[in-house]
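S.K.: Based on what follows, work out the 3D shape:
(chains A and B)
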Amino acid sequence: MINARTFKGARDFLPEQMLHRERITQIMRNVFKKYGFAPMETPAIEYLDVLTGKYGEDADRLIYRLDYKTGTKDAAALHYDLTVPFSRVVAMNPHLAVPFKRYQIQPVWRADRPQPHQGRFREFVQCDCDVVGTSSIVVDAELVAITYEVLKMLGFNEFVIKINNRKILNGLTQYLGLSPDMTGEVCRSIDKLDKISWEEVAKELLEKGISNDAIKTAETLLTKSEISLSSLSSAFAAIPEALEGIRELEDMFTYLECMGVDAANYTFDLSLARGLDYYTGPIFETKLPNHPHIGSLTGGGRYDNLIGTFTGKSMPAVGTTLGLDRIYTAMEQLEMLVPMKTSTQVLVANFSEATVIPCLQLVAQLRSIGVCTEFYPEQVKMKKQFAYADKQNIQYVLILGEDELRQGKVSLKDMRTGEQVIIGLEEIEREINK
RNA sequence: GACAUUGUAGCUCAGUUGGUUAGAGCAUCGGAUUGUGGUUCCGAGGGUCGUGGGUUCGAGCCCCAUCAUUGUCCCCA
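M.R.: Sure thing, here's the model as predicted:
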């Protein structure tokens, strides 16, 4: 016998999960389309060299390499995200009308340690929307607006979209008198500020060889609960790159406000870093402040140099990912998902041999007017059929038995209230839509 | 990859200083005079106690190994 089991970090989704997941992605699709994004897909499998060298050293180790022909030019891997494959597509299709806006919903794979409670898996679904071909910060703002709109529609209230800019972080490193190649290290440490105290971060920075002076300087900027962009711009007055980043964010916030995004749900956060190497401009990430153990729900940013790694010519691009599994995990833990086992609204009971034909005609009629209807396939006790409806959370049971057939009527029971009425066929639709 | 945690029925767990035939709740299935669920009552099935060694007259319990789990870190959606 073979031990039936799922691969570590991968999951099956039964109907009660899939109904929710489909609802979530449907909301996303609708919002993406409303903002002018069109669907796209890329293969799950890519040549290894297409993927490597874009994410940073740590992340490269998490790419799922396939054993197939290792060490050859054909070395392959499962895609680690959807942004890099998308960039490859853009590089291969130079005549795309820009700005090109696409969304893409597919599983991705990462070879790290699963932590389901935090919403971390090896196989998980990313829902990306990206725009290439424009440097306008308007689209960066639109991506944040999309994130806001989707999360609001799903019923989230206490979420924060943190926004920062790689240009500001580069400026910060300069400001601290550190060499540019320290930016990554410094960012990784300060990024932890939402989880650990400044003292612990400072200790980590010291271990990384950052001078005490630099740490002291950093402290004045990072330990203010919320440092404003304007106060930062006076601190960074002599650093042109940082000033540019600050201006971009000021514009972004203006746009967000006029698009009606609630300021309670987004904030500038100097400590937001994001690990992926390819980001160049604004970056953003959504967290639930009351549930910090759940990783970021969404994350994205501008990556103006990524497509250039395939073409040699840089091309502005910005995108964000909505993490279906993170969102789902959060909704599960916050008890935002009402139990659902089926879309069926009406179960027609199978009373006897003599009523099968009229029942099937009734079922067809209900389906033709868009009512999701099931006919119980076997003639078993009513008790069993009602118990099935109950277990499946089907709201209505319809009986067309011999008595009803004689009267030309049906019995309709509302399983939630327990009420049962005898009505004519033409009244069914009105009754279940009551 | 580092540290910690836990492995007993499908699930959640009891199981005394080591002592007969390993228990409960939930879930599943069947029944309570044959046209009605979610409440109740009765009954049934289901476990080589993660695996392999060792100690012992005797191991679910003690020892060693191994596999797996879960959590934190790292990093991320």
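S.K.: The residue nearest to A:Val98 when sequence neighbours are not counted: how many residues sit nearby?
M.R.: Of all residues not flanking A:Val98 in the chain, A:Gly133 sits nearest, at 2.6 Å (Cβ to Cβ, 6 or more residues apart in numbering). C-beta coordinates here come from the backbone N, C-alpha and C atoms, glycine included. A:Gly133 has 17 neighbouring residues, counting by other Cβ atoms under 10 Å.
S.K.: What of A:Tyr47?
M.R.: 13.
S.K.: Next, give phi and psi for it.
M.R.: The phi and psi values for A:Tyr47, taken as degrees, to the nearest 10, are phi -60, psi 140.
S.K.: wait, doesn't it sit right on A:His79?
M.R.: No: at 10.7 Å, A:Tyr47 does not count as touching A:His79 under the criterion of Cβ atoms under 8 Å.
S.K.: Tell me which residue in the stretch 151-300 of chain A sits closest to RNA strand B.
M.R.: Closest residue of the stretch 151-300 of chain A to RNA strand B, Cβ to the nearest atom of the strand: A:Gly275 (0.8 Å).
S.K.: neighbours of the nearest residue to that residue once chain neighbours are set aside, just the number please.
M.R.: By the measure of Cβ to Cβ, 6+ apart, the closest residue to A:Gly275 outside its immediate chain neighbours is A:Gly56, 6.3 Å from it. Using other Cβ under 10 Å, A:Gly56 has 14 other residues around it.
S.K.: Now A:Gly56, what are its backbone angles?
M.R.: Residue torsions, per degrees, to the nearest 10, at A:Gly56 are phi 110, psi 160.
S.K.: Over to A:Ile399?
M.R.: When read as degrees, to the nearest 10, the backbone of A:Ile399 gives phi -110, psi 120.
S.K.: Run through the bridge partners of it.
M.R.: Using DSSP bridges, the bridge partners assigned to A:Ile399 are A:Ser411.
S.K.: just checking, it touches A:Phe351?
M.R.: Yes: assessed by Cβ under 8 Å, A:Ile399 is found in contact with A:Phe351 at 6.4 Å.
S.K.: so what sits against both of these two?
M.R.: Shared contacts of A:Ile399 and A:Phe351 (Cβ atoms under 8 Å, 6 or more residues apart in numbering): A:Met382.
S.K.: What helix or strand is A:Phe156 located in?
M.R.: Counting by DSSP states H and E, there is no helix or strand that carries A:Phe156.
S.K.: ok, now A:Arg326?
M.R.: helix A:324-333.
S.K.: So is the host helix or strand of A:Glu22 next to RNA strand B?
M.R.: Using DSSP H and E, A:Glu22 sits within helix A:15-34. No: with Cβ under 7 Å from any atom of the strand as the criterion, RNA strand B is not reached by helix A:15-34; the gap is at least 12.6 Å.
S.K.: Can you work out which other helices and strands pack against the next helix or strand after that helix?
M.R.: Beyond helix A:15-34 on the C-terminal side, the first helix or strand identified by DSSP H and E is strand A:38-39. Under the contact criterion of 3 or more Cβ pairs under 8 Å, 6 or more residues apart in numbering; DSSP states H and E, strand A:38-39 touches strand A:100-109.
S.K.: can you state the direction angle for the strand it packs on and helix A:15-34?
M.R.: Between the axes of strand A:100-109 and helix A:15-34, defined by axes from the mean of the first three to the mean of the last three Cα atoms, to 10 degrees, the angle is 160 degrees.
S.K.: Not counting its own residues, what contacts strand A:100-109?
M.R.: The contact list for strand A:100-109 (Cβ under 8 Å, 6+ apart) reads A:25, A:28-29, A:32-33, A:35-42, A:44, A:64, A:78-82, A:86, A:90, A:122-133, A:324.
S.K.: Show the buried residues in those.
M.R.: Among the contacts of strand A:100-109, those buried by neighbour count (16 or more other Cβ atoms under 10 Å) are A:25, A:28, A:32, A:35, A:37, A:40, A:64, A:78-82, A:86, A:90, A:122-133, A:324.
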